[in-house]
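Student: Next input, structure requested:
(2 chains)
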Amino acid sequence: MALQPPSPQSNVPRNDVSNVVDAMLLDSAVKWIGIVYEEKVGGVDRFTVTPYVVDPTT
Amino acid sequence: MMSRALIFLLAMGMLSGCATQKMSGDQLARVAKDWSLSIRASQVIPVYPLTEDLQPGDVFLVQTPVEEQVKVYLAKGFLPLENLLTRLSPAGYARFYRGWPQIADGDNAPPRPWQFPGSDSPDGGYSRAPLAAFPTYNFSVSRSEGLNVAIPVQGVPVGLNLLDSASANGTITLKDAFTYALPARTMYDAIHQWCRDNAEYLTQYEPTESSADGKRTANKFYLRVINRVYLVKTVDVSLFSNRGFGAGGSAGVPQPVQLLNIANATEAAKQFAAVNDILSNAISPATKNATAPVGATDDAAPLPVAVGGTVKLAMATSRSVSLVETFRRPLAIGYLASDYAIEARGKCASPVPTLGVLEGHGATAGKTIEYMGCDENCARIRPWIKQGTNPQKLQTWLEKNGGAIAIADLLTGDYAGLRQRVVTELIEAP
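Tutor: This is a model prediction of the structure:
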C-alpha cells in the first residue's frame, strides 16, 4: 500500500515553506508545487502550499 | 406551385422549433450533453444554456462533491451553475490588457464597452475584444430521433428540413468567437478578501461529516469563481444529406433541392431571398418583444427565429445546405474557473482549477490541512529522514501504523501523537 498523496497545507510561514515543499517532494508522484501568498499574520507572511501530480495549468 | 412547396418546406422548418420544445426531458438532456461534449473538447467548460450574463468574477456556490462533480460532468457534459452568490468586480483589466483599446476598470470594465458601445467608437462592439477560435465540430442528425440534434442553435433543424432528408451529417463552425479574462491571481485576492468579509455568512456552508447512523450525509461546499469566458456571435451550420429525398415525394411538386439548386434553378436568387425572408420573419410576437435589443428600432436587423438569433440561408445544393445563425450579441458558450472549498469558520481553501478537477488533473489531495508548525519531534524527524533508507523505513511504518498518511502531512499536520511514536519507535528504539 502506497502512502496517500500529500495534502495542500495552508498557513505556512515564509521561513518554513522550503521545508514543507521538501517534504512534499518526498512523494515522487508530486511534480508541481503551488505556493500562493495568503496574508501577513503577526508580521509573518503566510502561504498555501499545494502539491500537484499533473500540470495544473493545462 | 413552387411557392406553395416552398412555404410547406419552410413551415416544416419552423415546426422543427416546436418539435424541439416538445422534446422529452431525456432528449433535451442529450442535446445539452452532446453540445457540451463538443465544447469540452476545446478544453473549455461548457455553458448550457448559452447566456450573455456570465463574466469573470461571477461566484457560484456549488455543493456537489468533487467526485460527484466528475460523475455529473461525464453524464451531462456540463456543470450546472447552481447559485450565483456574488459578482466580484476586481480591478485588473486595465493592467492585464495594458495598451488594449477600450479596456478599463470600473463601470467600463469588459464586457460593457463591447456590449453597449458608445457613439465615440464607430467600429465598437466586440470588434475590439480579444479573439478566439474554435475547431469545426462534426455531428450526425436523424429526423427519426425527433430532430434531437446536439446543437442548441436553430440552424440545424431548419437545415434538415430544407434538405428534406431523414438523416444528415453536418459540421458546425463557431465564428466570431471572443474571450476575455482576469488572471487567476487577481481572482484569488478578490475571492479571499470576499471570503474574509463574508466569513460569518460562509460558516453556514462549513463542511459537515456524515453521521455514524448514516442519516446525515457529509456535505462540502465550493465557491466556483469564473476567471475566463468564451463568447460566440455567429454559428455556421452545414448539413450534408445521407440519403436522397424523403420518400413519397408527390408528383408534380418540385423537390426542395430543386427549389434551392443554383445549377438547376434560374431564379435561385429569388428563392434564396424568399427563404431568408421567411426565416427572418418566423417569430412569435412574444419572442419578438423578448428579443428586441436595447435601443432597437423597427427597422433594425431582421428579427430572430430563436431567442437572440437570426438564421440565414448561405448556400444550398442538391444534397447540402449551409445556414448562418447570428446572435444579436455574443453569448457565452464556455468558461474557465477555479474551485475554492469552504472550510471551517467560513475560510476559503486554496484554489483548484475546475477543469483540472473534472479531467482528473487536480491537486494530489482534495482537503487542505492547516500547518501546525514544526514541533520538537518534527525537528528530529526532518534530519533523520534525509539519511540512507530512513524514508523507506518511515513509509513502511506509516503504512502499518499511520493510516498511510503522507510524510509531509505527518511532519507539520495535526499529528503530534503520531510524530511522538515515530521518534520513539524508529529514531530512539534502534
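Student: In three-state terms, label the residue in the stretch 101-250 of chain B that chain A sits nearest to for me.
Tutor: Using C-beta to the nearest C-beta, the single residue of the stretch 101-250 of chain B nearest to chain A is residue B:188, 6.4 Å away. Backbone N, C-alpha and C define where each C-beta goes, glycine included. Using DSSP: H, G, I helix; E, B strand; the rest coil, the structure places residue B:188 in helix.
Student: what about it, neighbour count?
Tutor: Residue B:188 has 22 neighbours, counted by other C-beta atoms under 10 Å in any protein chain shown.
Student: Next up, the contacts around it.
Tutor: Residue B:188 sits next to A:36, B:338, B:351 when contact means C-beta atoms under 8 Å, 6 or more residues apart in numbering or on different chains.
Student: at 10 Å instead, please
Tutor: When contacts are counted by C-beta atoms under 10 Å, 6 or more residues apart in numbering or on different chains, residue B:188 touches A:36-38, A:48, B:90, B:225, B:227, B:338, B:340, B:348, B:350-351.
Student: What does the pLDDT read for it?
Tutor: At residue B:188, the pLDDT value in this model is 86.
Student: for residue B:266, same thing?
Tutor: 58.
Student: same question, the one 10 residues further on
Tutor: As predicted, residue B:276 sits at a pLDDT of 67.
Student: Under the pLDDT cut-off, which ranges of chain A? List them.
Tutor: For chain A, residues meeting the criterion pLDDT under 70 lie at A:1, A:54-58.
Student: try 90
Tutor: Scanning chain A with the threshold set as pLDDT under 90 gives A:1-5, A:7, A:26-42, A:48, A:50-58.
Student: Tell me the secondary structure of the residue nearest the centre of it, please.
Tutor: Central residue of chain A (C-alpha atoms, centre = their mean): residue A:49, 2.5 Å from the mean position. Following three-state DSSP, we place residue A:49 in the strand state.
Student: Distance-wise, check it relative to residue B:220.
Tutor: Residue A:49 sits 21 Å away from residue B:220, going by C-beta to C-beta, to the nearest Å.
Student: Over to residue B:229?
Tutor: Using C-beta to C-beta, we find residue B:229 at a distance of 26 Å from residue B:220.
Student: Looking at these two, which has the bigger crowd around it?
Tutor: Remark: of residue B:229 and residue B:220, residue B:229 carries more neighbours, 26 against 20, as counted by other C-beta under 10 Å.
Student: Assess the claim that residue B:81 and residue B:72 are in contact.
Tutor: No: applying C-beta atoms under 10 Å as the test, residue B:81 and residue B:72 come out as separate, 12.0 Å apart.
Student: between the two, what contacts are shared?
Tutor: Residues touching both residue B:81 and residue B:72 (C-beta under 10 Å, 6+ apart): residue B:62.
Student: These two: who's more crowded?
Tutor: Per other C-beta under 10 Å, whichever of residue B:81 and residue B:72 has more neighbours is residue B:81, with 19 against 15.
Student: The more buried one looks like it's in a helix, true?
Tutor: No: under three-state DSSP, residue B:81 falls outside any helix and is assigned coil.
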